[in-house]
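# sequence plus the predicted model coming up.
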Amino acid sequence: MDLSGGRRASLSLCGRLRGAPPFQYSPDHVAGKGGRPDPSEISFPGCSCHSASCVASICSCLRYGENYNSLCMSSERNELDFFKPIFECNTMCHCGELCQNRVIQRGLQFRLEVFKTAKKGWGLHTLEFIPKGRFVCEYAGEILGFKEACRRMQLQTPSDPNYIIALKEHLCDGQIMETFVDPTYIGNVGRFLNHSCEPNLFMIPVRVDSMVPKLALFADRDICANEELTYDYSGRYHNFLPVKVQANLQQGEESKKPCYCGTKMCTGFLPFDSSLFRNDVRSHNEETL
């Protein structure tokens with residue numbers, strides 16, 4: 001069965017989605033309540049490279065360096081510059097459609113399958129080998145404003161799955177850019193990915209046509225066929241959490257859900273961000289989102 005409604009032939013379903021709440025499949029972000037700008041808007045001017053593929057020395061989209069090499073995350077992005085922004089060539093660019101700086105926008109390139117796990121509900125695995133560094137899928141859904149994200153979080157019961165991701169990007173001027181993505185009702189295959197304390201995927205924000213980031217998931221290592229695909233919900237890959245946050249991740253408050261990843265480094269509980277439960281305290285105006 002093709003879950004994507006014919007949009008992506010490489011996404012299938014193992015068995016039937018019994019007990020799963022219905023959702024509308026969308027390969028890309030869509031505008032949700034309070035979210036802005038509209039993720040479908042094209043606001044970047046694009047490069048003026050009249051070539052089949054762009055190079056970092058002359059392309060304006062590659063001003064922070066090369067992003068990809070043979071469809072893989074560039075090895076030039078080491079630990080020191082991993083946080084540099086990634087901009088792909090976009091709709092307004094003059095380069096060819098096969099430009100090496102066009103990866104996320106090509107969509108799924110591997111055959112993936114949704115399946116039922118023993119303890120974690122639904123999961124996602126690959127039906128073929130995925131090399132280290134390759135793009136696997138996006139985490140796409142409704143782009144929400146902070147207030148709407150808080151409202152949805154506070155309506156959840158302990159038994160409800162939480163799909164909302166709060167992306168916080170720290171800018172060089174000290175400001176924090178926040179993006180809230182919810183694929184609960186409208187989303188793509190990324191909504192089926194489970195958490196792991198030792199994941200095989202890592203998430204990076206990638207921008208194509210506008211400042212609304214695509215949450216792109218790449219292979220952290222070679223991934224074998226039929227292996228479950230996972231990422232760290234806390235975003236700790238290549239990140240360093242404050243000591244207080246690390247301690248909270250290991251506390252067993254009743255509000256937290258148990259983690260069943262089964263890895264040696266398992267913290268015992270799923271990551272928990274309490275900021276969406278405190279909508280009365282904000283350090284900035286939501287108009288800046």
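Right, received. Where do you want to start?

# residues in contact with the helix or strand hosting Phe218?
Assessed by DSSP states H and E, Phe218 sits inside strand 214-219. Identification of contacts with strand 214-219 by CB atoms under 8 Å, 6 or more residues apart in numbering yields 28-29, 73, 104, 130-140, 165, 167, 181, 190, 193, 200-208, 229, 231. Using the backbone N, CA and C atoms, a C-beta is placed for each residue, glycine as well.

# filter those residues to the buried ones?
Among these, those scoring as buried are 28-29, 73, 104, 130, 133-140, 165, 181, 190, 193, 200-204, 206-208, 229, 231 (criterion: 16 or more other CB atoms under 10 Å).

# give me the below-cutoff pLDDT ranges for the stretch 151-289 of the chain.
By pLDDT under 70, the weakly predicted segments of the stretch 151-289 of the chain are 236-255, 273-289.

# circling back: using CSV, write down the CA coordinates of the strand holding Phe218.
Taking Å, rounded to 0.1, in the frame of the first residue of the first chain, the C-alpha atoms of strand 214-219 are listed here in CSV:
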residue,chain,number,x,y,z
LYS,A,214,13.2,22.1,5.9
LEU,A,215,14.0,19.6,8.7
ALA,A,216,16.2,17.3,6.8
LEU,A,217,17.3,13.9,8.2
PHE,A,218,20.6,12.4,7.0
ALA,A,219,22.3,9.0,7.7
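
# each with direction, which strands does that strand pair with?
Paired strands of strand 214-219, with direction, are strand 135-138 (antiparallel), strand 201-207 (antiparallel) (DSSP bridges).

# closest to Pro213 out of these?
Nearest to Pro213 among those is strand 201-207 (3.5 Å), distances taken as CB to CB.

# does Tyr163 touch Leu193 like I think?
No. Checked against CB atoms under 8 Å, the pair Tyr163 and Leu193 is beyond contact range at 9.9 Å.
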